[in-house]
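Novice: Build me a model from this:
(2 chains)
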Number of protein chains: 2
Amino acid sequence: MAGRIMGPPAFDDSFIQALDTLFAWRRDVRRFRPDAIDPDHLRACLAAAHRAPSVGNSRPWRFVRVSDPARRAAIAKNFSRCNAAAAEGYDAARAARYRALKLAGLNEAPEHLAVFCDDATETGLGLGRASMPETLAYSVVGAVQCFWLAARARGLGVGWVSILEPARVTEILAVPETWRLVAYLCVGHPVEEHRDPELERHGWQAEDLRGAALVER
Amino acid sequence: MAGRIMGPPAFDDSFIQALDTLFAWRRDVRRFRPDAIDPDHLRACLAAAHRAPSVGNSRPWRFVRVSDPARRAAIAKNFSRCNAAAAEGYDAARAARYRALKLAGLNEAPEHLAVFCDDATETGLGLGRASMPETLAYSVVGAVQCFWLAARARGLGVGWVSILEPARVTEILAVPETWRLVAYLCVGHPVEEHRDPELERHGWQAEDLRGAALVER
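Specialist: Prediction:
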């Protein structure tokens, strides 16, 4: 599997097949059991995140574990406000369908992780982002993605909550002003597991039959 | 490994260990052999990308395979211009070190993939991005990350070139105006494989001894 100890690893067919299964069953989770997760699993997922690629090897991700009940309540309140506002952006029929969706597991998930981009980091000395400064935040997304896959491999579910006001989250969590919210993650054991996306299963959108298109130039 | 056919898969310890090895050896590659890659591998990596999480299940990623020599030359020229400009942003000693780095494999890589975010997509009906519109582009980064891991598992290297002007790339590749460049990827068989980042190995920055920090709130 992981091959020779001294040289680069070779990944065999059974690993590749299981990796493709991991991608297929990764899913965004909003229904969590309340029981705690293994701290070793959390550490391992953070280590995977820290191995993500980053522009100029800047590693600008900052993970904040949110446990304080008052802070969690303030986050949940901000979600409710943003979610109600989002519903109002749709016509009546669509808004009713929107309101019927469960879009976050903030009240059940045993772990909350807010993931920030440190816009002031000097690691990497700015290399690679003069013409595309947005790649700093993109690097944080790569870390989230590695965390997510590492978590799912360990039987944990992750849900990315984006229905929040970043400035308000920064304030609630009292992090430095140079930290920009990229993702707010709920983490825990999922109540149920699926291969199809929740938004398709609950009738928000049609099943994806298109697949990955490749444009030639 | 992938467990039961009918239910959710369970991933065993040997898979988890190999997955962690994959994260560790993923690396950004700039030194490619010129030989072509297996088209089945490219298809499989794109399929993995298409299984990335996306805000409101919007799947806004658009992959463009750049093969035309004139377009490739124009991309390489834009890279050279941006790279020279970036070097001028450092003091003399640091600029000399910058210029000694190899920051892209555009001239050797057998495959070039430009990855865009379709800002005009209606898939997902805008769900989840009213308060954080940047999550649409973040979704594309997730797809890039899945592509990258799927590629490395198959022995392929990926290099993310960010030293480009997005508007110029859009123009060179004649894609719709609503497509925003997120990543330009070089893909091919790596000449050499490493566990440590190229920028550390070539003296741009010190080795990372910090690891993943977790702030408590």
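Novice: contacting residues around the closest residue to A:H189 other than its chain neighbours?
Specialist: Spatial nearest neighbour of A:H189, chain neighbours left out: A:R33 (4.5 Å); criterion: CB to CB, 6 or more residues apart in numbering or on different chains. For the C-beta atoms, the positions are set from N, CA and C on the backbone; glycine is no exception. By CB atoms under 8 Å, 6 or more residues apart in numbering or on different chains, A:R33 lies in contact with A:E108, A:G188, A:H189, A:P190, A:V191.
Novice: any idea how far A:L42 lies from B:Q145?
Specialist: Going from A:L42 to B:Q145 by CB to CB, to the nearest Å gives 20 Å.
Novice: higher neighbour count, the two?
Specialist: More crowded of A:L42 and B:Q145, by other CB atoms under 10 Å in any protein chain shown: B:Q145, with 28 against 21.
Novice: Give me the pLDDT for the more buried one.
Specialist: In this model, B:Q145 is scored at 98, pLDDT.
Novice: And for A:T123?
Specialist: pLDDT recorded at A:T123 is 89.
Novice: quick one: contacts for the closest residue to it other than its chain neighbours?
Specialist: Nearest non-adjacent residue to A:T123, counting by CB to CB, 6+ apart: A:S58, 4.9 Å away. By CB under 8 Å, 6+ apart, the residues touching A:S58 are A:T121, A:T123, A:G124, A:L127, A:R129, A:L136, A:S139.
Novice: Can you check these and name whichever has the most neighbours?
Specialist: Each of the contacts of A:S58 was scored for neighbours by other CB under 10 Å, and A:S139 scores highest at 28 neighbours.
Novice: How is it assigned, secondary-structure-wise?
Specialist: helix (DSSP: H, G, I helix; E, B strand; the rest coil).
Novice: most neighbours, which of the contacts of A:R33?
Specialist: Within the contacts of A:R33, neighbour counts (other CB under 10 Å) peak at A:G188, which reaches 24 neighbours.
Novice: beta partners for that residue?
Specialist: A:G188 has these beta-bridge partners by DSSP bridges: A:G157.
Novice: Against A:D38, how distant is it?
Specialist: When A:G188 is compared with A:D38 (using CB to CB), they lie 11 Å apart.
Novice: SS state for A:T170?
Specialist: Looking at A:T170 with three-state DSSP, the answer is helix.
Novice: Touching, it and A:L181? I think so.
Specialist: Yes - the criterion here is CB atoms under 8 Å, and A:T170 meets it with A:L181 at 6.0 Å.
Novice: And those two? Which one has more around it.
Specialist: Using other CB under 10 Å, the more surrounded residue of A:T170 and A:L181 is A:L181, with 24 against 19.
Novice: give the contact list for the more buried one.
Specialist: Taking CB under 8 Å, 6+ apart, we find A:L181 in contact with A:A114, A:V115, A:F116, A:L164, A:P166, A:V169, A:T170, B:M132.
Novice: Now do the buried residues in the worst-scoring helix or strand of chain A on mean pLDDT.
Specialist: Ranked by mean pLDDT, DSSP states H and E, the weakest helix or strand in chain A is helix A:198-201, scoring a mean of 89. By neighbour count on 16 or more other CB atoms under 10 Å in any protein chain shown, the buried set for helix A:198-201 is A:E198, A:L199.
Novice: counting contacts, what elements does the helix or strand where A:R62 lies pack onto?
Specialist: Assigned by DSSP states H and E, A:R62 belongs to strand A:61-65. In terms of contacts (3 or more CB pairs under 8 Å, 6 or more residues apart in numbering or on different chains; DSSP states H and E), strand A:61-65 is packed against helix A:39-49, strand A:111-118, helix A:135-153, strand B:214-216.
Novice: Would you reformat these as a markdown table and include distance to A:R81?
Specialist: Listed next are the helices and strands packed on strand A:61-65 as a markdown table, based on distance: least, CB to CB, whole Å:
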| stretch | distance to A:R81 |
| --- | --- |
| helix A:39-49 | 29 |
| strand A:111-118 | 17 |
| helix A:135-153 | 24 |
| strand B:214-216 | 25 |
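Novice: Deepest-packed of these, please.
Specialist: Ranked by mean neighbour count under mean count of other CB atoms under 10 Å in any protein chain shown, those are led by helix A:135-153, which reaches a mean of 26.
Novice: got the CA positions of that helix in CSV?
Specialist: Once non-C-alpha atoms are left out, helix A:135-153 reads as follows in CSV (Å, rounded to 0.1, in the frame of the first residue of the first chain):
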residue,chain,number,x,y,z
THR,A,135,-4.9,32.1,-3.8
LEU,A,136,-4.1,32.7,-0.1
ALA,A,137,-7.8,32.0,0.9
TYR,A,138,-7.9,29.2,-1.7
SER,A,139,-5.0,27.5,0.2
VAL,A,140,-7.3,27.4,3.3
VAL,A,141,-10.0,25.7,1.2
GLY,A,142,-7.4,23.0,0.3
ALA,A,143,-6.8,22.4,4.0
VAL,A,144,-10.5,22.1,4.6
GLN,A,145,-10.8,19.6,1.9
CYS,A,146,-8.0,17.4,3.3
PHE,A,147,-9.5,17.6,6.7
TRP,A,148,-12.9,16.5,5.3
LEU,A,149,-11.5,13.5,3.5
ALA,A,150,-9.4,12.4,6.5
ALA,A,151,-12.5,12.8,8.7
ARG,A,152,-14.7,10.7,6.4
ALA,A,153,-12.1,8.0,6.2
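Novice: elements contacting it?
Specialist: Looks like helix A:135-153 contacts helix A:13-24, helix A:39-49, strand A:61-65, strand A:111-118, strand A:157-161, strand A:179-188, helix B:13-24, helix B:135-153 (3+ CB pairs under 8 Å, 6+ apart).
Novice: Specify the angle between that helix and helix A:13-24 in degrees.
Specialist: Between helix A:135-153 and helix A:13-24, the angle comes out at 110 degrees (axes from the mean of the first three to the mean of the last three CA atoms, to 10 degrees).
Novice: what inclination does helix A:135-153 have with respect to strand A:157-161?
Specialist: Per the same axes, to 10 degrees, the angle that helix A:135-153 makes with strand A:157-161 is 150 degrees.
Novice: chain center to helix A:135-153: distance?
Specialist: 7 Å (CA atoms, centre = their mean, to the nearest Å).
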